[in-house]
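Undergrad: prediction below, plus the sequence it came from.
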Amino acid sequence: MDQRHTTRRQTTRPHSARRRSSATALAVVLAAGLFAGCSADGEDSTAEVDYVDAVAKEWQRTKGSGVTEAQARCWGQKVVDRVGIDRVRRTGLPSDFGSQSVDLDFPQLGLDAAEASAVYDDFGACGADLAADRARVVDTIGLPDELAGCMADGISEETMAKFFRTSLESGQKQASETMLQDEALESAMMGCVDALDPATKDLLAETTE
């Protein structure tokens, strides 16, 4: 009988060992899945190129931007190089970074005024001209359609640059509020209103009351 008990114990040990081995293997697989996309120290390891690619993609999808894919890619790389990948990851996924780049709406980057100005100037260094984006800037202010076309033509490059730099530093909402306080923009707006025909002026007055 002792021999049978001994045999039973000997045959159960390999089974327990297999169970422990399977559990260990499962834990390894789960850990690999949980930490996929993370570095060894637990930080996000999403590659820089993913963020740059997202910028190029979103600018290409934006109608009327006037920025080519190559220019957007150049600018996206400059942003990553200038602020560092850790700050870029604060914006979220590469797709988030790409969509925010189209509006230059980057408060999560924590840029100061000098950095925001440099990031804006990087567009010029990449050969891009944001003059074509005047209409998009006007849209963010929320002007009536009757004034939008005129304002898009009348907004100065200096005012537009001020808008984008503020947006990069503090976000688009703050940039829009800043623009509404801009004397040059207010003067251009009054000129556009004066140029409207009487019927349109009356309609505009009714819709803005």
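TA: Nice, thanks for sending it over.

Undergrad: which ones are touching the nearest residue to Ala113 once chain neighbours are set aside?
TA: Nearest residue to Ala113, sequence neighbours excluded (C-beta to C-beta, 6 or more residues apart in numbering): Glu169, at 6.0 Å. For glycine as for every other residue, the C-beta is placed from the backbone atoms N, C-alpha and C. By C-beta atoms under 8 Å, 6 or more residues apart in numbering, the contact set of Glu169 is Pro107, Leu111, Asp112, Ala113, Glu115, Ala116.

Undergrad: so which elements touch the strand or helix carrying Ala56?
TA: Under the criterion of DSSP states H and E, Ala56 resides in helix 48-61. Of the remaining helices and strands, those touching helix 48-61 by 3 or more C-beta pairs under 8 Å, 6 or more residues apart in numbering; DSSP states H and E are helix 69-83, helix 85-88, helix 94-103.

Undergrad: CA atoms only: put that helix into CSV for me.
TA: Extracted in CSV, the C-alpha atoms of helix 48-61 (Å, rounded to 0.1, in the frame of the first residue of the first chain):
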residue,chain,number,x,y,z
GLU,A,48,7.6,59.7,-33.3
VAL,A,49,6.9,58.7,-36.9
ASP,A,50,3.3,57.8,-36.0
TYR,A,51,2.6,61.3,-34.8
VAL,A,52,4.3,62.9,-37.8
ASP,A,53,2.3,60.6,-40.2
ALA,A,54,-0.9,61.6,-38.4
VAL,A,55,-0.1,65.3,-39.0
ALA,A,56,0.5,64.8,-42.7
LYS,A,57,-2.7,62.7,-43.1
GLU,A,58,-4.9,65.2,-41.3
TRP,A,59,-3.6,68.2,-43.3
GLN,A,60,-4.2,66.3,-46.5
ARG,A,61,-7.8,65.7,-45.4
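
Undergrad: contact partners of that helix?
TA: By C-beta under 8 Å, 6+ apart, helix 48-61 touches 65, 67, 69-73, 75-77, 79-80, 85, 88, 94-95, 97-99, 101-102.

Undergrad: and of the contacts of Glu169, the nearest to Ala152?
TA: Ala116 (23.2 Å; C-beta to C-beta).

Undergrad: what's in contact with the helix or strand encompassing the closest one?
TA: Using DSSP H and E, Ala116 sits within helix 113-125. Residues outside helix 113-125 that contact it (C-beta under 8 Å, 6+ apart): 67, 71, 74-75, 78-79, 82-83, 104, 106, 111, 129-130, 161, 164-166, 168-169.

Undergrad: which of these are buried? Put it as a PyMOL command.
TA: Only the buried entries of these go into this PyMOL selection, using 16 or more other C-beta atoms under 10 Å:
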select buried, resi 67+71+74+75+78+79+83+104+106+111+130+161+164+165+166+168+169
